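> next come a sequence and a model predicted from it.
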Amino acid sequence: MPIFHAIVLGVTQGLTEFLPISSSGHLGIIPWLFQWNHFDGDTRMENTFDVAVHFGTLVGSVICLWGDVRRYSSAGLLALVGRRPWNNQARFAWFLLLSALPAAILAASFEGFFLTQSNRIGLIAFGLAGFGVLLWAADRRPQTKAVVKDLTMRRAALLGWGQCFALLPGVSRSGINITIARTLGYRRSDAARIAFLMGLPIIGGAAIYRLFGVISDGLPNGMWSVLAVGAFSSAVTGWFAIHVVLRWVRTHSYAGFAAYRLCLALAIAIVLWSR
């Protein structure tokens, strides 16, 4: 893989993991559009690169959200060992962690099926358009006084099951979480923050799960520079994406992201038809 392509894919992963526009969808669209065939069916190389860019994204997101990560994880651990009461912050930490279970179990149980869907460009276009409309509709609902730390077991369960849809390309994990959070009445900025924090266990778990495969198969020769560049690019742009979105939604709606999804789906349909 050329270094430039690794940068492009790393930047794509970092940006689209947190912008509600689907990282899996864009990582499928770009190689298809430009006819890049880096892995040529070599799942070992593909998994290795996937681990690198997801690890980079995880690092960038943890750095950007470090204040929240430290506060909630500390509260949850101290409450677990009996050194602090089970307040809203402690419950939030464990609800957040448990919310990752439905998607993790489903992904592990049907890994082969979901991997084959990642290259279905028509499915990506459908996911972009359909869930873009849902995002737009949910964002029009009135906001309540619900804030991040008010996460309840019911809300966490709804968000957790919603993440299962994000296993399909074009849906967007952050997008579906923001859609559900806005439907539950969370303010735009709090919906984004919840979505980003909920993504950390999923991103970290996916990277660790695939890392076992990389360790057992061995690292492919000549990939160190590509992996380093991809991981660094995804880390920097992941940090940047979270920072930008959290600032943007303080004064703007999610309508622009929904419009982008619909326009991209239409463009994909046109390219599919012309080919």
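Yep, it's here. Residues are numbered from 1 along each chain as shown.

> next secondary structure element downstream of the host helix or strand of residue 28?
Assignment of secondary structure by DSSP states H and E places residue 28 within helix 23-34. Moving toward the C-terminus from helix 23-34, the first helix or strand encountered (DSSP H and E) is helix 43-64.

> tell me the angle that following helix makes with helix 23-34.
Compare the direction of helix 43-64 with that of helix 23-34 by axes from the mean of the first three to the mean of the last three CA atoms, to 10 degrees and you get 130 degrees.

> skipping adjacent residues, who's closest to the residue most central in space within the chain in space?
Central residue check for the chain by CA atoms, centre = their mean: the C-alpha nearest the mean position is that of residue 17, 4.0 Å away. With CB to CB, 6 or more residues apart in numbering as the measure, residue 23 is the residue that lies nearest to residue 17, at 4.4 Å, once sequence neighbours are left out. Every residue, glycine included, has its C-beta placed from N, CA and C.

> and for residue 89?
Sequence neighbours aside, residue 75 is the residue nearest to residue 89 in space, at 3.8 Å (criterion: CB to CB, 6+ apart).

> what's the answer for residue 129, then?
Using CB to CB, 6+ apart and skipping residues adjacent in sequence, the residue nearest residue 129 is residue 265, 3.8 Å away.

> what helix or strand does the one you found sit in?
Residue 265 is part of helix 255-274, with elements assigned from DSSP H and E.

> now do that helix: everything it contacts.
With contacts defined as CB atoms under 8 Å, 6 or more residues apart in numbering, helix 255-274 is touched by 19-22, 29, 33, 121-122, 124-126, 128-129, 131-133, 135-136, 139, 170, 175.

> kindly export that helix (C-alpha atoms) in CSV.
Backbone C-alpha positions of helix 255-274 (Å, rounded to 0.1, in the frame of the first residue of the first chain) are rendered in CSV as follows:
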residue,chain,number,x,y,z
ALA,A,255,-29.1,18.9,9.4
GLY,A,256,-25.8,19.5,7.5
PHE,A,257,-24.6,16.0,8.3
ALA,A,258,-27.9,14.5,7.3
ALA,A,259,-27.8,16.5,4.0
TYR,A,260,-24.3,15.3,3.3
ARG,A,261,-25.4,11.7,3.8
LEU,A,262,-28.2,12.0,1.4
CYS,A,263,-26.1,13.8,-1.3
LEU,A,264,-23.4,11.1,-1.0
ALA,A,265,-26.0,8.3,-1.3
LEU,A,266,-27.3,10.0,-4.4
ALA,A,267,-23.8,10.4,-5.9
ILE,A,268,-23.1,6.7,-5.2
ALA,A,269,-26.4,5.7,-7.0
ILE,A,270,-25.4,7.8,-10.0
VAL,A,271,-21.9,6.2,-10.2
LEU,A,272,-23.4,2.7,-9.8
TRP,A,273,-25.9,3.5,-12.6
SER,A,274,-23.2,5.0,-14.9
